[in-house]
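**Student:** Only the shape, not the letters, is given here:
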């Protein structure tokens, strides 16, 4: 089968599509036929050797997975430690939940990492109804979910986005959209959910960040209950997935290259 891996750190050109044997599930694992994985910017950092975690080479990409359990036929979605950028993956059963039934299975691959990151950032912010919440970086795959969860918590959402993302951010419920390419960050927010590298955030606001150490820094952790709750929100129509492109797995190096220059909006899913 084909699997996208790196054997060394570097630019997008170090990604290879290798031929490897079909994985054999170990104890408490199941074999999943992959419908899709998704691109996450953090995978670009890992490819360059810039993440503070041990990485054993060769490393197979693919933290997000949506697919079908071979033995049972169950459609699942999950958050893995890698390996889903492939035709099949042996996945810990505990890392999988049933996929939402109202969206295409391959679209569900956009949910796990982005959804859990957004869920945990919003939870850490402890939003109160009516608070003015600045979502800095709302046009990305995490940002669209953060906007929706913040609105669900009753906040007044001010979102920063480029012109190409403004319409989508408004559709997700943002009350105000600020074009960060033209205007400075608003300074009247009660809470800042900082999803990009900007450190210059409003003074006095409660700040939760997924990228910098400004304010409370959130590092995504796997939580099966939270992932199942996110799936339920998708199924109920309370949460929309922002899948902007569906590309074949052999486009993964191209997608990594686009990620290096910020040429990605929403979520790109990759299908084997």
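**Tutor:** Structure's in. What do you need? Everything numeric in this text was worked out from a predicted model, so none of it was measured.

**Student:** And stretch 263-272, what's buried?
**Tutor:** For stretch 263-272, a neighbour-count test (16 or more other C-beta atoms under 10 Å) marks 264, 265, 266, 267, 268, 269, 270, 271, 272 as buried. Backbone N, C-alpha and C define where each C-beta goes, glycine included.

**Student:** And the furthest pair within those?
**Tutor:** Greatest spatial distance in the buried residues of stretch 263-272: 265 and 272, 23.3 Å, computed using C-beta to C-beta.

**Student:** Following element in sequence after the helix or strand containing residue 67, please.
**Tutor:** Secondary-structure assignment from DSSP states H and E places residue 67 in strand 64-69. Under the assignment DSSP H and E, the closest C-terminal helix or strand after strand 64-69 is strand 75-79.

**Student:** Can you get me a residue count around the nearest residue to residue 61 once chain neighbours are set aside?
**Tutor:** With sequence-adjacent residues excluded and distances taken as C-beta to C-beta, 6 or more residues apart in numbering, residue 61 is closest to residue 85, at 4.0 Å. Counted with other C-beta atoms under 10 Å, the neighbours of residue 85 add up to 28.

**Student:** wouldn't residue 85 be in contact with residue 249 here?
**Tutor:** Yes. Counting by C-beta atoms under 8 Å, residue 85 does reach residue 249; the two are 6.2 Å apart.

**Student:** For the stretch 101-250 of the chain, which segments count as helices?
**Tutor:** Secondary structure of the stretch 101-250 of the chain (DSSP state H, counting those that start in this stretch): helices located at 112-125, 141-152, 163-171, 224-236.

**Student:** In contact with residue 161, which residues?
**Tutor:** 138, 139, 143, 168, 169, 174, 177, 178, 179, 180 (C-beta atoms under 8 Å, 6 or more residues apart in numbering).

**Student:** I misspoke; the intended subject was residue 33.
**Tutor:** Under the criterion of C-beta under 8 Å, 6+ apart, the neighbours of residue 33 are 67, 68, 70, 87, 88.

**Student:** if we go to 10 Å?
**Tutor:** Contacts for residue 33 (C-beta atoms under 10 Å, 6 or more residues apart in numbering) come out as 1, 67, 68, 69, 70, 73, 87, 88, 89, 272.

**Student:** Skipping its backbone neighbours, what lies nearest the fourth one in space?
**Tutor:** Closest residue to residue 69 apart from its sequence neighbours, by C-beta to C-beta, 6+ apart: residue 30 at 5.0 Å.

**Student:** Same question for the third one.
**Tutor:** Nearest-residue entry for residue 68: residue 33, 4.9 Å, with adjacent residues in sequence omitted and distances by C-beta to C-beta, 6+ apart.

**Student:** Counting neighbours, show which residues of the helix or strand where the one you found lies come out buried.
**Tutor:** When secondary structure is defined by DSSP H and E, residue 33 falls within strand 29-38. Using 16+ other C-beta under 10 Å as the test for burial, strand 29-38 gives 29, 30, 31, 32, 34, 35, 36, 37, 38.
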